[in-house]
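Asks: Sequence and computational prediction follow.
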Amino acid sequence: MRYVIKFTKESSVKFISHLDLMRTIQRVIRRADLPMEYSKGFNPHMALSIAQPLSVGVYSDAEYM
């Protein structure tokens with residue numbers, strides 16, 4: 001299953017690092033109980049991708065995942 005998620009990164013959220021943001025989005029997806037694809041292997045993780053990670057302190061009006 002493939003999802004396209006659009007979100008904004010503004011105000012105080014712009015100070016969250018890319019890895020923390022990805023971890024938060026994974027938690028949201030898990031809590032929403034959405035079907036996701038996981039990697040194969042000993043420690044499977046969600047297969048997520050984002051176009052370009054933003055630096056800390058940079059805001060964005062539209063990010064796609």
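Replies: That came in fine, so what should we check first?
Asks: Can you give me the distance of the most centrally placed residue in the chain to residue 45?
Replies: Nearest to the mean C-alpha position of the chain, counting by C-alpha atoms, centre = their mean, stands residue 22 at 3.6 Å. Residue 22 sits 10 Å away from residue 45, going by C-beta to C-beta, to the nearest Å. Heads up, the C-betas are built off the backbone N, CA and C, glycines and all.
Asks: repeat for residue 24
Replies: 15 Å.
Asks: what's the answer for residue 27, then?
Replies: Distance from residue 27 to residue 45, by C-beta to C-beta: 13 Å.
Asks: cool, residue 64 as well?
Replies: 20 Å.
Asks: ditto for residue 2
Replies: Relative to residue 45, and taking C-beta to C-beta, residue 2 is found at 17 Å.
Asks: Just want to know which of these two has more residues nearby.
Replies: residue 45 (10 against 4; other C-beta atoms under 10 Å).
Asks: can you give me the strands for this structure?
Replies: Here the chain has its strands, by DSSP state E, at 6-9, 60-64.
Asks: Name the stretch among those strands that sits most buried.
Replies: Of the strands of the chain, the one with the most neighbours on average (mean count of other C-beta atoms under 10 Å) is strand 6-9, at a mean of 13.
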